[in-house]
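S.K.: Show me how the following folds:
(3 chains)
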Amino acid sequence: MTASLWIIATGILAAAACGLLGSFLVLRKTSMLGDAISHAVLPGIALAFLISGSRNPIPMLIGAGALGLITAFCTETLHRVGRLQQDASIGVTFTWLFALGVILISMYAGQVDLDQECVLYGEIAYVPWDVWLWNGLDMGPRAIWVLGATFLIDLVFVLTCYKELKLTTFDPQLAESLGISTRLFHYLLMAAVSLTTVAAFESVGAILVVAMLIAPAAAAYLLTDRLSRMLVLAMIIGAASAVTGYLLASWLDASIAGAMATMSGIFFALSFFLAPRHGLLPKHFARLSTK
Amino acid sequence: MTTEAAIAVRDLTVAYHRRPVLWDVSSNFPAGHLIGIIGPNGAGKSTLIKAIMGLVPVASGEVRILGDTLKRQRHLLGYVPQRSSVDWDFPTNALDVVLMGRYGKFPLFRRPGKKDRAIAMECLEKLGMSSYADRQISQLSGGQQQRVFLARALAQDAEVYLMDEPFAGVDAATEQAIIVLLRELREKGKTVIVVHHDLQTAADYFDWVALLNLRIIACGPIDQTFTAENLRATYGGRLNLLTAIGEELSK
Amino acid sequence: MMLWANTNLHFVLVGTTLFGFSAGVLGCFAFLRKRSLIGDALAHAALPGVCIAYLLTGTKVQGVLILGALGSGLIASYILNAIVRHSRIKEDAAIGLVLSVFFGIGIMLLTHIQHLPMGNQSGLDKFLFGQAASLIGKDLYLFGGLAAAVITVTFLAYKEFKVIAFDPGYAETIGIPVRRMDVLLTLLIVTVVTAGLQAVGVVLMAAMLITPAAAARQWTNQLWRMLLLAGIFGAVAGSAGAIASAVAPRMPTGPWIVMAITAIFVVSIVFAPQRGILARVLRQFRNATRIQQENVLKTLYRLMEDAPQSTPTVDMVRRYRHLSIRRTLHLLKRLQRMGFVSEGTRPEEWLLTADGRTRAEALVRRHRLWEVYLTQYLQLGKGHVHADAEEIEHVLTPELEQELEALLGYPVQDPHARPIPYSRDGGPK
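M.R.: Predicted structure coming up:
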């Protein structure tokens, strides 16, 4: 029983961290960069594994964080220096890095306790058994600590830089004219996304990270017209997807991460059709009644 | 009439991909005036004010704001971008947008307080928009969106205002409200520089104009500058030479 | 044993080559419409279809599974369009949403199937990561048919796709059924994606659509050449990947194909003539050298103009242009080889030849004409025009120069009261 609670808690923490950052990705029209980063951290993780020889989270965070920033940088450079269009720059960059990661893993299959499946859809079911021992004390699942810390970092980042993030997202020109660097906050946000991806990948996998970044934020975007409410709603919807996803998975005896992603999609669909002001059905009826 | 230059531009050349869109612009915009930057489409009007604000890279030349560099005087500038430059689907309301004008006033980490909120509300009030404070911005009409942008510039409490086509696509009532406000600002001794392309109204609105078409044709008090000859040079002048050379440079 | 390995390699090689070609060609259209990442979404979206097809029929027959993948791919592309059209969600978020949610559903179903007591359920996950090594003779018919279909459709609908890719709005006005053509293109992409999943897997599928197109774009400005090149690049990468993984048996094929295509891309973006980064840098460098050479010519002219009796020396030129002695000498030697300057009677002295004189006159003439233009038409002060003219003199074409002369009425002096030299043929009338 406690095991399921730990799993659900892990899902909620990952969802909350992702929802917070994902809202900005969706509003900045850079969702696919989030997708790209969550795939491209693979070689960073593999390298950190090879060098440190363990699953120690610190080198992994550094390796993956670096790769995340490299992805953002490569994409921008291909676009600006290579004059390649944005969508193609993203596609070329992340597929290449992911391929590199897969090759590294299969070359050193003996040394690296990692595989593609785990990267893509995680091993959230094993979270409760991978505990953090501190001075021989059982401190609870490691993933909870890692994700909890990540969530706190993201929260502090968004709270302190709220007005800058908001302004650079809404009106970059005004931001620049007030002396707020749009690029700085772009890279800060990308660094936070990388960090969150790495923290979450081990337990929930890349694909759930992408789903949690985009789906709850997109659903929340249709439900409210206030940014602050959108952030809170995105976290709540993400958490709800985690809880219901877990139930769905145990009912179907299937991948928990997959079920959580599925539920986030269902919540989005509900919001897409039923959202009071921006939903499809209310808009449809509003049109009918004016006729 | 003060003679001090609110903005002094020297030999300013701006190029996109090495193709100059502004050639050697030199001009003084005097303080305390309502100034129109007038010219046809593609004349570089928006580019000029973006260059003054430091939003586009400058190939050569310098800009001084109230006698000092942009870096030091940035806080004295208020900017109203073109309405189409932002995504109006952004989840925020009118008051919030106006509040953004206060962001330059306090450092990182500090959030706008009660006082800022009161100022923002006051600015909305001045544009007759206080009843729309809670309205989501995508639900405002074009004219109302423009008023919100103007209120935001007011909230910046600047000395010099630069506005990019504030009259574009707004209703007559809004246009009137805006011009009343701009005159009020002038009475208070502020400088207002407005990109404008309607010749008919320009003569009524402004007391000083800069006629621009890739280069400054004329700049001065409206009665001396708004001559048939200058207008012909601005709108019908031989520019294909400059354009053609711009093409060559960009190769 | 060796022989068996070889035939297998043949299958893999032919299969991946055919697939690479089809994906490369189709990717171009998605690329040109700036919708490259849609391929990524469609690849991920195929997974639930495969699982549902298996759950419904209980067979792992290739055709059935592919039909399932086709179905869910089409549904995904419909949902994607509906989200963009009926809500304020932008395309990038819609792509990411469809991609991750469909994939999540797929993973959920896949694991569900793996836990079912049906037995014999393994093998579905080769759709996930690709297993080119398991390609067999039968698959080749699929890839061959696919390539044939792609080529035929592209050939037949070439001009429609071309107009749509360039300007969909305009295509609509001239009566091209844009929506139906889009469905056709989506159908083709979904088919290629589904077939390709077995070769390279879900995540890397996007590379097969995007990267060849992006690489081919660097080399040509013509659509049909771009299509052909992208096809060839895809095919080369496909076969290279197959060989790489045959050499090292534990290596997965997909990533090596992607590495190969990325290598082609990098070469393209760096070395392609005209659009390539290197070509642009070289162009700038050559241009800078040309300008320096022209400046040296002009300087010799100016020095001789100021002091007609004496002969300019290297040192005088160097000081005038703020260049190092070595650079000045290098430039002079180059100009000598081109026949524009010759060494004087005494060491260190340099003279303009007749050709050089004509060239220098032309430069000085343009410089001074431009100064006149700036003072007269842009009302710039005399002191402000020199720097600008220094740049313009190198880019004025003869046609523009003639226009300038006519506009200014063949002035004889520049604003600094220096004479404007006209060549013998086109002087003032």
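S.K.: pLDDT (mean, whole number) over the helix or strand harbouring residue A:10?
M.R.: Using DSSP states H and E, residue A:10 falls within helix A:2-27. Averaged over helix A:2-27, pLDDT sits at 91.
S.K.: Check which helices and strands it is in contact with.
M.R.: helix A:31-52, strand A:137-141, helix A:142-160, helix A:162-170, helix A:182-223, helix A:227-252, helix A:256-274 (3 or more Cβ pairs under 8 Å, 6 or more residues apart in numbering or on different chains; DSSP states H and E). Heads up, the C-betas are built off the backbone N, CA and C, glycines and all.
S.K.: Pull the residues that contact the longest helix seen in chain B.
M.R.: Taking DSSP state H as the criterion, chain B has its longest helix at helix B:172-187. The contact list for helix B:172-187 (Cβ atoms under 8 Å, 6 or more residues apart in numbering or on different chains) reads B:32-34, B:126-128, B:143-144, B:146-147, B:150, B:154, B:161, B:166-167, B:170, B:192, B:194, B:205, B:207.
S.K.: In PyMOL, how would I select just the buried ones from those?
M.R.: Written as a PyMOL command, the selection of buried residues from those, which uses 16 or more other Cβ atoms under 10 Å in any protein chain shown, is:
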select buried, chain B and resi 32+33+34+126+127+143+144+146+147+150+154+161+166+167+170+192+194+205+207
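S.K.: Give me the subset of the contacts of helix B:172-187 that also touch chain C.
M.R.: Counting by Cβ under 8 Å from any Cβ of the partner chain, nothing from the contacts of helix B:172-187 sits close to chain C.
S.K.: Narrow the contacts of helix B:172-187 to those in helices?
M.R.: Per DSSP H, the contacts of helix B:172-187 map to helices at B:126, B:143, B:144, B:146, B:147, B:150, B:154, B:205.
S.K.: can I get these in JSON lines with distance to residue C:422?
M.R.: As requested, the ones in helices among the contacts of helix B:172-187 are exported to JSON lines (distance: Cβ to Cβ, whole Å):
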{"residue": "B:126", "distance to residue C:422": "63"}
{"residue": "B:143", "distance to residue C:422": "59"}
{"residue": "B:144", "distance to residue C:422": "62"}
{"residue": "B:146", "distance to residue C:422": "55"}
{"residue": "B:147", "distance to residue C:422": "60"}
{"residue": "B:150", "distance to residue C:422": "56"}
{"residue": "B:154", "distance to residue C:422": "59"}
{"residue": "B:205", "distance to residue C:422": "49"}
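S.K.: What is the most widely separated pair among those?
M.R.: Across the ones in helices among the contacts of helix B:172-187, no pair lies farther apart than B:144 and B:205, at 20.7 Å, counting by Cβ to Cβ.
S.K.: returning to that earlier point: which member of the ones in helices among the contacts of helix B:172-187 is positioned nearest residue C:108?
M.R.: Looking across those and measuring by Cβ to Cβ, the closest to residue C:108 is residue B:144, at 46.7 Å.
S.K.: Would you agree the closest one is in contact with residue B:132?
M.R.: Yes. Contact between residue B:144 and residue B:132 holds when scored by Cβ atoms under 8 Å: they sit 6.3 Å apart.
S.K.: Return every residue with contacts to both of the two.
M.R.: Going by Cβ under 8 Å, 6+ apart, residues that sit against residue B:144 and also against residue B:132 are residue B:94.
S.K.: OK, now which residue of the stretch 51-200 of chain B is nearest to chain C?
M.R.: Residue nearest to chain C within the stretch 51-200 of chain B (Cβ to the nearest Cβ): residue B:89, separated by 4.6 Å.
S.K.: Would you mind naming what in chain A lies close to chain B?
M.R.: A:27, A:160-164, A:166-167, A:169-171, A:173-174, A:176-180, A:221, A:224-227, A:229-230.
S.K.: let's go with 10 Å and repeat that
M.R.: A:23, A:27-29, A:159-164, A:166-167, A:169-180, A:220-231, A:277-278 (Cβ under 10 Å from any Cβ of the partner chain).
S.K.: Of the residues you listed, grab the buried ones for PyMOL.
M.R.: Burial among those is assessed by 16+ other Cβ under 10 Å; the matching PyMOL selection reads:
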select buried, chain A and resi 23+27+28+161+163+164+166+167+169+170+171+172+173+174+175+176+177+178+180+220+221+222+223+224+225+227+230+231+278
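S.K.: what separates the residue nearest the centre of chain B from residue B:192, distance-wise?
M.R.: In chain B, the C-alpha nearest the mean C-alpha coordinate belongs to residue B:163, at 2.1 Å (Cα atoms, centre = their mean). Distance of residue B:163 to residue B:192, computed by Cβ to Cβ, to the nearest Å: 7 Å.
S.K.: can you check residue A:226 too?
M.R.: Taking Cβ to Cβ, one finds residue A:226 at 32 Å from residue B:192.
S.K.: do residue C:161 as well
M.R.: 51 Å.
S.K.: Contact partners for the residue in the stretch 1-150 of chain A that chain B sits nearest to?
M.R.: Here the stretch 1-150 of chain A gets closest to chain B at one residue, residue A:27, 6.4 Å apart by Cβ to the nearest Cβ. Residue A:27 is in contact with A:165-166, A:169-170, A:217, A:221, A:227, A:230, B:87, B:89-92, C:90, C:93, counting by Cβ atoms under 10 Å, 6 or more residues apart in numbering or on different chains.
S.K.: do the same with residue A:13
M.R.: Counting by Cβ under 10 Å, 6+ apart, residue A:13 touches A:143-152, A:199-200, A:203-204, A:238-239, A:242.
S.K.: if you set the cut-off to 6 Å instead, what comes out?
M.R.: By Cβ atoms under 6 Å, 6 or more residues apart in numbering or on different chains, the contact set of residue A:13 is A:147, A:148, A:151.
S.K.: Residue B:233: what secondary structure?
M.R.: Secondary structure, DSSP: H, G, I helix; E, B strand; the rest coil: residue B:233 is helix.
S.K.: Show me the helices in the stretch 101-250 of chain C, by range?
M.R.: In the stretch 101-250 of chain C, the helices defined using DSSP state H, counting those that start in this stretch lie at C:126-129, C:137-156, C:158-166, C:168-173, C:178-200, C:202-219, C:223-247.
S.K.: No more questions from me, cheers.
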